[in-house]
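Undergrad: pasting the structure only:
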(Lines give C-alpha, C1' and ligand atoms only; values in the text may rest on other atoms or scores of the structure.)
Protein backbone atom coordinates (compact mmCIF):
# COMPACT_ATOMS: atom_id res chain seq x y z
CA UNK A 1 0.00 0.00 0.00
CA UNK A 2 1.52 3.30 -1.02
CA UNK A 3 1.71 6.30 1.26
CA UNK A 4 -0.08 8.79 -0.99
CA UNK A 5 -3.29 10.75 -0.96
CA UNK A 6 -5.93 9.13 -3.13
CA UNK A 7 -7.81 11.05 -5.81
CA UNK A 8 -10.99 10.44 -3.79
CA UNK A 9 -9.41 12.08 -0.73
CA UNK A 10 -8.14 15.08 -2.68
CA UNK A 11 -11.58 15.54 -4.25
CA UNK A 12 -13.00 16.16 -0.73
CA UNK A 13 -11.13 19.49 -0.62
CA UNK A 14 -13.64 22.31 -1.14
CA UNK A 15 -11.84 24.67 -3.53
CA UNK A 16 -14.47 27.30 -2.79
CA UNK A 17 -13.19 27.36 0.78
CA UNK A 18 -9.51 26.49 0.26
CA UNK A 19 -6.85 27.45 -2.23
CA UNK A 20 -4.59 24.48 -2.93
CA UNK A 21 -1.04 25.84 -2.74
CA UNK A 22 0.70 22.51 -3.37
CA UNK A 23 -0.18 18.84 -3.56
CA UNK A 24 2.02 15.86 -4.10
CA UNK A 25 2.26 12.32 -2.87
CA UNK A 26 1.86 12.40 0.90
CA UNK A 27 1.40 16.15 1.45
CA UNK A 28 -1.10 18.84 0.63
CA UNK A 29 -0.77 22.54 1.47
CA UNK A 30 -3.89 24.68 1.64
CA UNK A 31 -4.79 28.28 2.34
CA UNK A 32 -8.10 29.19 3.92
CA UNK A 33 -9.92 31.81 1.87
CA UNK A 34 -11.64 32.99 5.09
CA UNK A 35 -8.62 33.66 7.32
CA UNK A 36 -5.65 33.49 4.95
CA UNK A 37 -4.06 30.94 7.28
CA UNK A 38 -2.01 28.19 5.64
CA UNK A 39 -2.26 24.53 6.47
CA UNK A 40 0.11 21.70 5.61
CA UNK A 41 -1.28 18.18 5.96
CA UNK A 42 1.11 15.24 6.01
CA UNK A 43 -0.11 11.69 5.44
CA UNK A 44 1.60 9.09 7.61
CA UNK A 45 1.33 5.33 7.75
CA UNK A 46 2.69 3.81 10.92
CA UNK A 47 3.00 0.91 10.81
CA UNK A 48 -0.29 -0.29 9.31
CA UNK A 49 -2.76 2.58 9.49
CA UNK A 50 -3.17 5.98 7.89
CA UNK A 51 -3.15 9.14 9.96
CA UNK A 52 -2.62 12.80 9.18
CA UNK A 53 -0.51 15.46 10.87
CA UNK A 54 -1.75 19.05 10.59
CA UNK A 55 0.65 21.98 10.54
CA UNK A 56 -0.44 25.63 10.61
CA UNK A 57 0.84 29.14 10.03
CA UNK A 58 -0.94 32.47 10.14
CA UNK A 59 0.95 33.96 7.21
CA UNK A 60 2.14 32.41 3.97
CA UNK A 61 5.93 32.21 3.91
CA UNK A 62 6.36 31.93 7.70
CA UNK A 63 7.26 28.84 9.71
CA UNK A 64 4.60 26.23 10.40
CA UNK A 65 3.87 24.83 13.84
CA UNK A 66 2.25 21.51 14.68
CA UNK A 67 -1.47 22.00 15.10
CA UNK A 68 -2.89 18.52 15.56
CA UNK A 69 -3.75 15.32 13.80
CA UNK A 70 -6.68 13.52 12.27
CA UNK A 71 -7.77 10.04 11.27
CA UNK A 72 -8.99 11.16 7.82
CA UNK A 73 -8.31 14.03 5.45
CA UNK A 74 -11.95 15.12 5.67
CA UNK A 75 -11.62 15.14 9.47
CA UNK A 76 -8.57 17.40 9.16
CA UNK A 77 -10.48 19.75 6.87
CA UNK A 78 -13.28 19.89 9.44
CA UNK A 79 -10.77 20.78 12.18
CA UNK A 80 -9.42 23.59 9.99
CA UNK A 81 -12.92 24.98 9.38
CA UNK A 82 -13.59 24.87 13.14
CA UNK A 83 -10.32 26.71 13.76
CA UNK A 84 -11.39 29.37 11.24
CA UNK A 85 -14.72 29.81 13.03
CA UNK A 86 -12.90 30.19 16.36
CA UNK A 87 -10.30 32.56 14.89
CA UNK A 88 -12.84 34.80 13.16
CA UNK A 89 -15.04 35.01 16.28
CA UNK A 90 -11.95 35.82 18.38
CA UNK A 91 -10.89 38.58 15.98
CA UNK A 92 -14.42 39.97 16.05
CA UNK A 93 -14.45 40.03 19.87
CA UNK A 94 -11.01 41.69 19.97
CA UNK A 95 -12.11 44.35 17.46
CA UNK A 96 -15.27 45.04 19.47
CA UNK A 97 -13.24 45.26 22.70
CA UNK A 98 -10.81 47.75 21.15
CA UNK A 99 -13.69 49.88 19.83
CA UNK A 100 -15.40 49.92 23.25
CA UNK A 101 -12.17 50.95 25.03
CA UNK A 102 -11.41 53.77 22.58
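TA: Arrived safely, thanks for sending. Note that the structure is predicted; figures quoted are calculated from it, not measured. Numbers count the residues shown, from 1 in each chain.

Undergrad: Run through this structure and note the low-pLDDT ranges.
TA: 1-2, 47-48, 93-102 (pLDDT under 70).

Undergrad: Nearest residue to the middle of it?
TA: residue 39 (3.8 Å; CA atoms, centre = their mean).

Undergrad: pretty sure it contacts residue 79?
TA: No. Using CB atoms under 8 Å, residue 39 makes no contact with residue 79, being 9.3 Å away. For every residue, glycine as well, the C-beta is placed using N, CA and C.

Undergrad: before we move on, back to that, and for the residue nearest to the centre of the chain, nearest residue in space, chain neighbours not counted?
TA: residue 30 (4.8 Å; CB to CB, 6 or more residues apart in numbering).

Undergrad: If you count neighbours, what's buried in the helix or strand that neighbour falls within?
TA: If you go by DSSP states H and E, residue 30 is part of strand 27-32. Residues 28, 29, 30, 31, 32 are the ones in strand 27-32 that count as buried (16 or more other CB atoms under 10 Å).

Undergrad: What is the distance between whichever helix or strand comes after that strand and the centre of its chain?
TA: Using DSSP H and E, the next helix or strand after strand 27-32 towards the C-terminus is strand 38-45. Remark: strand 38-45 is offset 9 Å from the chain centroid, using CA atoms, centre = their mean, to the nearest Å.

Undergrad: Check stretch 55-73 too.
TA: The answer for stretch 55-73 is 6 Å, by CA atoms, centre = their mean.

Undergrad: Kindly report the same for stretch 33-52.
TA: That offset, for stretch 33-52, works out to 7 Å (CA atoms, centre = their mean).

Undergrad: measure that stretch end to end?
TA: 22 Å (CA to CA, to the nearest Å).

Undergrad: Other residues contacting that stretch?
TA: Identification of contacts with stretch 33-52 by CB atoms under 8 Å, 6 or more residues apart in numbering yields 1, 3-5, 16-19, 21, 26-32, 53-60, 64, 67, 69-73, 75-76, 80, 83-84, 87-88.

Undergrad: can I assume residue 76 is in contact with residue 54?
TA: Yes. Residue 76 is within contact range of residue 54, at 5.4 Å (criterion: CB under 8 Å).
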